[in-house]
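J.: missing the sequence, but the structure's below:
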């Protein structure tokens with residue numbers, strides 16, 4: 001067996017597992033709000049700045065628009081967002097929060113930060129460790145996004 005192919009030597013496995021377990025920790029709190037983790041991500045983007053084009057939301061979440069669109073359609077059926085055509089560019093879909101979507105921000109604030117804090121108490125990391133990890137992951141994400149862009153351009 002090649003050492004490079006052993007699971008214990010894979011950073012991707014650790015990132016995948018950590019992401020899956022963190023998402024799992026969010027699930028009970030999000031279920032109480034009636035939303036999924038991907039919906040929570042979209043809501044956070046819109047809570048930061050409401051009324052954004054679908055492309056901007058997808059870009060912020062590092063997703064393709066064809067991944068975000070069905071998610072937005074489900075959120076629209078739930079009454080969390082509404083979509084309408086752009087005023088300047090009719091081809092552009094603008095997504096805005098409804099009153100229900102706006103109200104969820106306060107509900108999320110009341111439960112999620114504290115709930116996740118409790119979930120992570122057992123973790124030996126300190127606040128500065130989380131900040132460092134965040135910065136390192138941002139650098140990794142940026143490098144991989146740049147690499148993806150280069151690969152797409154080379155095939156375009």
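T.: Cool, got the structure. Note that the structure is a prediction, hence the values are computed from the model and not measured.
J.: quick one: low-confidence ranges for the protein?
T.: 148-156 (pLDDT under 70).
J.: center of it, which residue is that?
T.: residue 41 (3.9 Å; Cα atoms, centre = their mean).
J.: chain neighbours aside, what residue packs nearest to that one?
T.: The shortest distance from residue 41 to any non-neighbouring residue, by Cβ to Cβ, 6 or more residues apart in numbering, is to residue 61 (5.6 Å). Where C-beta positions appear, they are placed from N, C-alpha and C, glycine not excepted.
J.: tell me the SS of residue 82?
T.: Under DSSP: H, G, I helix; E, B strand; the rest coil, residue 82 falls in the strand class.
J.: from residue 10, how far out is residue 17?
T.: Residue 17 sits 10 Å away from residue 10, taking Cβ to Cβ, to the nearest Å as the criterion.
J.: same deal with residue 102?
T.: Residue 102 is 41 Å from residue 10, by Cβ to Cβ.
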